[in-house]
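**Student:** Okay, here's the prediction I keep looking at, along with the sequence it came from:
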Amino acid sequence: PFLASEALAAGLVDRLGYHDQAWEAAAGSGDAAAEELDLGEYAGLLDHPRGAKVALISGLGAIHRGESHRGLDGDGDFGARTVAEAFREAVEDDKVKAILFRVDSPGGSYTASDTVHHEVARARAAGKPVVVSMGDFAASGGYFVAMGADRIIAAPGTITGSIGVFTGKVVLDEFWKKLGISWDEMHRGDNAGIWSANQPFSPQAKARIDALLDHIYADFTGKASEGRGIDAARMDSLARGRIWTGADAKESGLVDGLGGWAEALVQLRQVAGLKAGEPLTLVEFPRPRKPWEVLADSLGGGAVAERRILARLQPLLDTLAPPPGVQLRAPDVRGAR
């Protein structure tokens, strides 16, 4: 690794400086300085609030059943229930013309992936075209959720494919012996302890695991063949866990095109029957949840709990309302980012 001064001397960078200096170099200074825009404004999406409504659904991180969660570092995971509900919301919204599905996932649960694959198919059947934009990864389950879309756009370096399945478990029987710990078990059924870490798979359990894996592999490759229009023999040569770059996947037919956000929007306009330059309004699905909805879910009460929480909160909300004749105006935050 180079010191900054060494990188400058070697010609790897042009100048050394801080953020404000980099901004001035790019935008200029004084009255002639360029205006700062966020990505949405630059793409022309936020300037056209009356453009065709497009649902933006994100599937980021490891795929699992249940709700998506967001970590303390800002990175989240891919909860199939959350993503499936987002697709259902988009289908039920008559104003949504198409769905842009951003996938950046190394895979995960087969059941969870299949749930989202099904919702993609339901959206298309309901007349809502689906375009997938792949990020760094769209592998294994990450490819599973994408392969049924109308169009799939990958970056040239996207880790793509890994069509296959594997499983296993950690076996700790010798480890427990070293610690002087023993276990007794009570269970009903020959394979009740199939996933126990206290012993390896028995021959009977291994045969059952093999049958499950064969079923999942056949389902995965069969749906991939149907979704991509590739015959079974060819798909098997692309599958078996093989990993491809986005560029390789384009040559083999696993994806439709190469590019990023802009290319995905071009393809989306095409499948949705929109004009090339027609403005779009991207709306994130599922909709942002209100605090009392999150609290109600955590209490396990659903809509009933929401009404009860709102009833308790209403007196407080009333005290926060402006008095009669007073109008509140939002501050001018046009320069904020």
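**Tutor:** Received, thanks. Residues are numbered from 1 along each chain as shown.
**Student:** Now do the strands in the stretch 101-250 of the chain.
**Tutor:** Secondary structure of the stretch 101-250 of the chain by DSSP state E, counting those that start in this stretch: the strands cover 130-139, 151-154, 159-161, 243-244.
**Student:** list the helices and strands the shortest one packs on?
**Tutor:** Applying 3 or more CB pairs under 8 Å, 6 or more residues apart in numbering; DSSP states H and E, one finds that strand 243-244 contacts strand 159-161. For every residue, glycine as well, the C-beta is placed using N, CA and C.
**Student:** Mind listing residues that contact the strand it packs on?
**Tutor:** Residues outside strand 159-161 that contact it (CB atoms under 8 Å, 6 or more residues apart in numbering): 106, 134, 136-139, 143, 154, 238-239, 242-246, 248-249, 254-255.
**Student:** Show the buried residues in these.
**Tutor:** 106, 134, 137-139, 143, 154, 238-239, 244-246, 248-249, 254-255 (16 or more other CB atoms under 10 Å).
**Student:** Tell me the one of the residues you listed nearest residue 177?
**Tutor:** Of all the buried ones among the contacts of strand 159-161, residue 177 sits closest to residue 106, with 34.8 Å by CB to CB.
**Student:** Excluding chain neighbours, what is closest to that closest one?
**Tutor:** Closest residue in space to residue 106, ignoring its immediate chain neighbours: residue 137 at 4.6 Å, by CB to CB, 6 or more residues apart in numbering.
**Student:** May I ask you to name the longest helix in this structure?
**Tutor:** helix 203-228 (DSSP state H).
**Student:** Name the residues of that helix that come out as buried.
**Tutor:** In helix 203-228, counting by 16+ other CB under 10 Å, buried: 205, 209, 216, 217, 220, 221, 223, 224, 225, 227, 228.
**Student:** any chance you could map the helices in the stretch 1-150 of the chain?
**Tutor:** With DSSP state H, counting those that start in this stretch as the definition, the stretch 1-150 of the chain shows helices at residue ranges 4-9, 19-27, 39-42, 80-92, 110-125, 141-144.
**Student:** where among these is the average confidence lowest?
**Tutor:** Looking at those, the lowest mean pLDDT belongs to helix 39-42 (a mean of 60).
**Student:** low pLDDT regions in the stretch 201-337 of the chain?
**Tutor:** For the stretch 201-337 of the chain, the stretches with pLDDT under 70 are 288-337.
**Student:** now do 50
**Tutor:** 328-337 (pLDDT under 50).
**Student:** related to what we said a few turns ago, winner for burial among the helices of the stretch 1-150 of the chain?
**Tutor:** Ranked by mean neighbour count, the helices of the stretch 1-150 of the chain are led by helix 141-144 with a mean of 31 (mean count of other CB atoms under 10 Å).
**Student:** what's it packed up against?
**Tutor:** Packed next to helix 141-144, using 3+ CB pairs under 8 Å, 6+ apart, are strand 96-105, helix 110-125, helix 203-228.
**Student:** Determine how far it lies from the middle of the whole chain.
**Tutor:** 10 Å (CA atoms, centre = their mean, to the nearest Å).
**Student:** next one: stretch 235-245
**Tutor:** On CA atoms, centre = their mean, the centre of stretch 235-245 falls 22 Å from that of its chain.
**Student:** So what's the residue count around residue 55?
**Tutor:** With neighbours defined by other CB atoms under 10 Å, the count for residue 55 comes to 25.
**Student:** Which residue is the nearest non-sequential neighbour of it?
**Tutor:** residue 90 (3.6 Å).
**Student:** Could you do residue 272 as well?
**Tutor:** Going by CB to CB, 6+ apart, residue 272 has residue 98 as its nearest residue, at 3.9 Å.
**Student:** so who does residue 239 touch?
**Tutor:** Residue 239 touches 161, 163, 164, 217, 220, 221, 224, counting by CB under 8 Å, 6+ apart.
**Student:** wait, what's in contact with the fifth one?
**Tutor:** Read that as residue 220. By CB under 8 Å, 6+ apart, the residues touching residue 220 are 110, 144, 163, 164, 165, 239.
**Student:** mind running it again at 10 Å?
**Tutor:** Contacts for residue 220 were tallied using CB atoms under 10 Å, 6 or more residues apart in numbering; they are 110, 113-114, 117, 140-141, 143-144, 147, 163-165, 235, 239.
**Student:** now, which of those residues sits nearest residue 280?
**Tutor:** The closest of these, once distances to residue 280 are taken by CB to CB, is residue 147, at 24.4 Å.
**Student:** Next, give phi and psi for the closest one.
**Tutor:** In terms of degrees, to the nearest 10, the main-chain angles of residue 147 are phi -70, psi -10.
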